[in-house]
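K.L.:
Got a predicted structure here, sequence first:
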Amino acid sequence: MEISVDGKRVVELESFSEGDADAARADDAELLWVHSNEDLSPHGFRRAGAYLRMHAEQVPVRARAEPPLLEERDYAEVLARAYAGLWGHKHVSPLAAPPEGTVVVGVPVVGLCRVWTSERLIDGPGVLPEGRSPDAYASLLVAACAVLGPGPADLDSWGDADDVIEAYEDLGFDVVERVQGWELPL
């Protein structure tokens, strides 16, 4: 069982079968999250964000100073705050450290974005709640692209709003995969 970023006990599944909700209740879960393109509303679920894989053949690279790198001491706090209140994100330990092989761009008062340079993969930017706007998300994405340099890249988005996805598309990223998220309060 996982803990959501908002502190709720969550069971998360890739598909739904009869009996899954009862099993999650028996495990004392508060929420059941399912990633599926099937319509789960007849089972009491509500749509709750989506996972998107996006791709750009050429990332936007702006000619300017080096992108800001987030200091490791700020990582756990900024990560926890950047995804607070957003569906699909898990609790962050105060001892969390950046995953092996990542570069983390960001500013503590704005947010962060993790980049796996060897895979040319960008994890969806996280912006602090008080500054969330499509421009803030796009700015972090552009900084992540600067780390990669010219060439193709993939971007993973978890639960981003439609206007944020549009901002990513304006930067040259196209949706290549979409999996709907569903939530059932237990």
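P.N.:
Good, I have the coordinates.

K.L.:
So what's the residue count around the nearest residue to Asp20 once chain neighbours are set aside?
P.N.:
Of all residues not flanking Asp20 in the chain, Leu13 sits nearest, at 6.2 Å (CB to CB, 6 or more residues apart in numbering). For glycine as for every other residue, the C-beta is placed from the backbone atoms N, C-alpha and C. Neighbour count of Leu13, defined by other CB atoms under 10 Å: 15.

K.L.:
you'd agree Leu13 is up against Trp33?
P.N.:
Yes: using CB atoms under 8 Å, Leu13 is in contact with Trp33, at 7.2 Å.

K.L.:
need the contact list for the residue sitting nearest the centre point of the chain.
P.N.:
Nearest to the mean C-alpha position of the chain, by CA atoms, centre = their mean, lies Trp158 at 3.7 Å. Residues near Trp158 by CB atoms under 8 Å, 6 or more residues apart in numbering: 49, 51, 86-89, 124.

K.L.:
And those, which is closest to Gly7?
P.N.:
His89 (11.7 Å; CB to CB).

K.L.:
What residues sit buried inside the top helix by length along the chain?
P.N.:
Across the chain, the longest stretch assigned as helix under DSSP state H is helix 134-148. The neighbour-count check on helix 134-148 (16 or more other CB atoms under 10 Å) flags 134, 136-148 as buried.

K.L.:
and if you look at stretch 102-115?
P.N.:
Buried residues in stretch 102-115 (16+ other CB under 10 Å): 102-108, 110-115.
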